[in-house]
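> Requesting a structural model of the entry that follows:
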Amino acid sequence: MTIDLAPQAMTPQVMTLEDYLNHDDETATRYELIDGMLVEMAPESPINPTIAMFLAIHFFQQGIPHHCLAIGHEIQVPAQKVTARRPDLVVHSDASAAAILQDRILRLNQPVPRLVIEVVSSSDTNQKSRDRDYVHKRENYAQRGIPEYWIIDPAASIVLILQLINGAYQEQEFVEHQQLASPTFPDLQLTANQVLKAGL
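Sure thing, here's the model as predicted:
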């Protein structure tokens, strides 16, 4: 009789949304839940949180109440298995702000925010990171019905503003000194360079 001593491959455990919300591996590692699997997020460039904070302050100065601006809020999105995304900045509606303050995540049956913003990490060297923001999150946020989505890509020196029209995003690209045109916030006075350099 032959005994197989080779280690057996472990099947990754599919997590529920509650498993994910209660997960704590006692590290500073950031995760998203993708199709029921815990996926480690790539390390952020130092400019990414600076851009998110710059925009949060700018929106606040434009009259968006502080309770509608959030860094770190998570949004459940439609997928074959449970998936949760963590945008770099969320501009909530009053309804979505009220909903998430009653929970730790915006669930599928809850109101959507007015705008989500992603700052791409290392799009010139990390294809996975680029695809996550340009392809996968674009699909997720459109399916979730979020009316406006920004992709800010410091490596490519562009800002994309995507507006949801008939269930799909239509994009407009902004570079250098072009002023951003947000359909949700038409009074916004920012250029692409101001955003990409976080006001520096």
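
> Which stretches in this protein count as helices?
Secondary structure of the chain (DSSP state H): helices at 17-22, 47-61, 94-101, 127-131, 137-144, 192-196.

> Let's have these in a markdown table, adding mean neighbour count, mean pLDDT and distance to Glu176.
C-beta: built from backbone N, CA, C; applies to glycine. Shown next, in a markdown table, are the helices of the chain (neighbours: other CB atoms under 10 Å; pLDDT from 0 to 100; distance: least, CB to CB, whole Å):
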| stretch | mean neighbour count | mean pLDDT | distance to Glu176 |
| --- | --- | --- | --- |
| helix 17-22 | 14 | 70 | 40 |
| helix 47-61 | 18 | 94 | 16 |
| helix 94-101 | 17 | 95 | 33 |
| helix 127-131 | 15 | 74 | 21 |
| helix 137-144 | 20 | 94 | 23 |
| helix 192-196 | 20 | 96 | 6 |
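
> Out of those, flag the one nearest Gln76.
helix 17-22 (6.6 Å; CB to CB).

> How about the most centrally placed residue in the chain: what's its closest non-neighbour residue?
Centroid-nearest residue in the chain, with CA atoms, centre = their mean: Pro87, separated by 2.2 Å. Closest residue to Pro87 apart from its sequence neighbours, by CB to CB, 6 or more residues apart in numbering: Val116 at 4.1 Å.
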